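J.: Coordinates only, no sequence provided:
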């Protein structure tokens, strides 16, 4: 019976005369049929890339049937052991925020196992998300794409060139902040993440310093609102008219001598102190447009008093509102 195939043995059990077989012989025949079925399934798995859990189940069944000594069983057992060790290391890497190169190396090793695993699919998904983010970050930061191969390098250079042609300037604040939020959501640490994070810190520091200088303490207006209002202000000629009683216009940023809440009240020309580099509305510090146009340098009330001298444009002297 050992030289026969599984279908032949099953047919033999169904023959009319099979009933006269002794029970041990029937049991042995059925075991042989199961072993032949296992051998067929093992040969199919050996020729493909089976799922790790399915492979473990097949090997456990082979242990019951006492066929683990067969060549296909030995090969599958070796693949299962290798894949299990790899899956254990992959689980450790997936439980923490691993670096992209480490995951890429892990994926390359996993591709040689000859066994499909849930961990390998997860590693590939994380690599794809991190690679996509990195490509967009490099385009925004104007960082050349790495040339991993000739074809990929040319494609990457073309993509970077197109991005630069569409917008040759610096990336917007919104773009950098969005990239930072996406990077924080990634389960992979990417090289460009540090650069993006540093740019966000620089942006925040600049906004804080600019707000301290230009936005009045207690003012309801934000720095962005003030700057947008300033961008919509009339040109210098209109500001001159406003100073002489004409149309409204001019700078709208609060200074140390006005509240900053009334946009119309702050729509005047500004002058900068040559000592501290702070800016003030001319009328707020007692300087009219004619005097501002004639001066070559200006020292504000604070710096004049700090130097022990008198303020050149008073009395009356301006009263700080901060």
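T.: Perfect, I can see it now. What you are looking at is a predicted structure, and each value in this text was computed from that prediction instead of being measured.
J.: where are the low-confidence patches of the stretch 201-322 of the chain?
T.: 214-221, 225-254, 259-268, 321-322 (pLDDT under 70).
J.: the helices in it, which residues?
T.: Assigned by DSSP state H, counting those that start in this stretch, the stretch 201-322 of the chain shows helices spanning 223-231, 236-243, 289-294, 301-306.
J.: now stretch 114-132: mean pLDDT?
T.: What stretch 114-132 shows for mean pLDDT is 96.
J.: how about it: buried residues?
T.: 114-117, 119-120, 122-123, 126-127, 129-130 (16 or more other CB atoms under 10 Å). No exception for glycine: its C-beta is placed from N, CA and C like everyone else's.
J.: Tell me which of those fall in helices.
T.: Among the buried residues of stretch 114-132, the ones falling in helices (DSSP state H) are 119-120, 122-123, 126-127, 129-130.
J.: List just the nearest of those to residue 46.
T.: residue 120 (19.1 Å; CB to CB).
J.: picking that back up, so which of the buried residues of stretch 114-132 comes closest to residue 38?
T.: Nearest to residue 38 among the buried residues of stretch 114-132 is residue 115, at 18.2 Å by CB to CB.
J.: can you redo the ones in helices among the buried residues of stretch 114-132 as JSON lines with distance to residue 67?
T.: Shown next, in JSON lines, are these (distance: CB to CB, whole Å):
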{"residue": "119", "distance to residue 67": "28"}
{"residue": "120", "distance to residue 67": "28"}
{"residue": "122", "distance to residue 67": "33"}
{"residue": "123", "distance to residue 67": "33"}
{"residue": "126", "distance to residue 67": "39"}
{"residue": "127", "distance to residue 67": "39"}
{"residue": "129", "distance to residue 67": "43"}
{"residue": "130", "distance to residue 67": "44"}
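J.: Tell me which other helices or strands the helix or strand encompassing residue 80 touches.
T.: Applying DSSP states H and E as the criterion places residue 80 in helix 71-94. For helix 71-94, the elements it packs on are helix 23-46, helix 52-65, helix 100-110, helix 118-141, judged by 3 or more CB pairs under 8 Å, 6 or more residues apart in numbering; DSSP states H and E.
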